[in-house]
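>>> Structure for this input, please:
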Amino acid sequence: MKKSVFLGALTVAGIVAGGVSAATMDEVKARGKLNCGVTTGLVGFAAPDANGNWEGFDVGVCRAVAAAVLGDAQAVEFVPTTGKTRFTALASGEIDMLARNTTWTFSRDVDLKFTFVGVNYYDGQGFMVPKELGVSSATELDGATVCIQTGTTTELNLADYFRSNNISYEPVPIETNAEAQQQYLAGACDVYTTDASGLAATRATFEDPSAHVLLPEIVSKEPLGPLVRHGDNEWGDVVRWTLNALITAEELGVTSANIGDMSSAAGNNPEINRLLGTEGNLGEMLGLSADWAKNAIAAGGNYGELFEKNIGEATPIGLARGLNAQWTDGGLIYSPPFR
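Numbers count the residues shown, from 1 in each chain. Down below sits the predicted model:
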């Protein structure tokens, strides 16, 4: 397993070294469409609805970038990727950015030569088991069969956790969340492990979610966020500051409902004015129109609106803000200032 992961890293690094055009924003503008890599389907984060329209928390980030660059939140081609294919798709230029519950790690940043532009969800790896298994802690899983997505940090964390607790397991390798769900419900594995948010999203789709338990252990840090290729700082800035615009909008009380009024004329808050383009020239610095951030926020709402609509406590997924609350509310969500 370690050998395959290493060779995969070399393959991706080789593609990056081969060179992909640095002018990603020019390509996106010329194409008139953003190619955004997403998961193959994780309800609440990125999944097509009955009509084939993509929805979700990560989808909202893609649409915000499209709105900022092209003025059209619908100008996105969503490219489904697995844990194995996502990095090759980004490195090769098949996609312009990746917004797919992907963990920011040292090797992905340095060795695979990707730039993580920020964190849109602070997560950690957890475990889900059928309630009838009678397990209340991950330390009781000695000898369990575990469904695990290959090519992920989850795969490595699982090995570390069981080794450190001197317990054994039998891996059941899968490539997509849909496959994991199918195998888990069919009884091919006792346990499904992935990011805790992913487990909550998956459980919400079950016929009887109450028949499945999320164990209390969180065994890793999983800062999830969008990423781009190294070597194109201008494009990295666009994606980074689009995410920051959504975060800052929530902090400053700018919503999809009031943004029209707030941007119609400069108000008394200079940072809101700079954010919405009624004062200063931040858009020009990015090579975008003055209303780039306004368009991004209007696409699906600010960070809090995207969270609550797609994965929040009022949804079937039912995630509390927790670490993903604004820094002013004791969370870790924080943007550098717009000035």
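>>> how about the helices in the stretch 201-339 of the chain?
233-252, 259-264, 270-276, 282-286, 292-300, 303-310 (DSSP state H, counting those that start in this stretch).
>>> should've said the stretch 51-200 of the chain
Using DSSP H, counting those that start in this stretch, helices in the stretch 51-200 of the chain cover 57-70, 86-92, 106-110, 153-164, 177-185, 196-204.
>>> Relative to residue 69, how far out is the nearest residue to residue 239 once chain neighbours are set aside?
Excluding its sequence neighbours, the residue lying closest to residue 239 (Cβ to Cβ, 6 or more residues apart in numbering) is residue 117, at 4.7 Å. In short, each C-beta sits where N, CA and C put it, glycine included. To residue 69, residue 117 is 14 Å away according to Cβ to Cβ, to the nearest Å.
>>> ok now do the residue nearest to the spatial centre of the chain, which residues does it touch?
Centrality entry for the chain: nearest residue to the mean C-alpha point is residue 101, 3.6 Å, by Cα atoms, centre = their mean. Going by Cβ atoms under 8 Å, 6 or more residues apart in numbering, residue 101 touches 39, 42, 45, 58, 121, 123, 195, 197, 198, 224.
>>> Could you work out which of the helices of the stretch 201-339 of the chain reaches nearest to residue 167?
helix 303-310 (35.1 Å; Cβ to Cβ).
>>> Report all helices and strands that that closest one contacts.
If you count contacts as 3 or more Cβ pairs under 8 Å, 6 or more residues apart in numbering; DSSP states H and E, helix 303-310 packs onto helix 57-70, helix 233-252.
>>> could those be laid out in a markdown table, adding distance to residue 210 and mean pLDDT?
Conversion of the helices and strands packed on helix 303-310 to a markdown table gives the following (distance: least, Cβ to Cβ, whole Å; pLDDT from 0 to 100):
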| stretch | distance to residue 210 | mean pLDDT |
| --- | --- | --- |
| helix 57-70 | 24 | 98 |
| helix 233-252 | 32 | 98 |
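>>> can I get the ones you listed in TSV with mean neighbour count and distance to residue 205?
Putting the helices and strands packed on helix 303-310 into TSV (neighbours: other Cβ atoms under 10 Å; distance: least, Cβ to Cβ, whole Å) gives the following:
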stretch	mean neighbour count	distance to residue 205
helix 57-70	27	15
helix 233-252	22	26
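>>> Using CSV, lay out those helices together with distance to residue 134.
Formatted as CSV, these follow (distance: least, Cβ to Cβ, whole Å):
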stretch, distance to residue 134
helix 57-70, 33
helix 233-252, 42
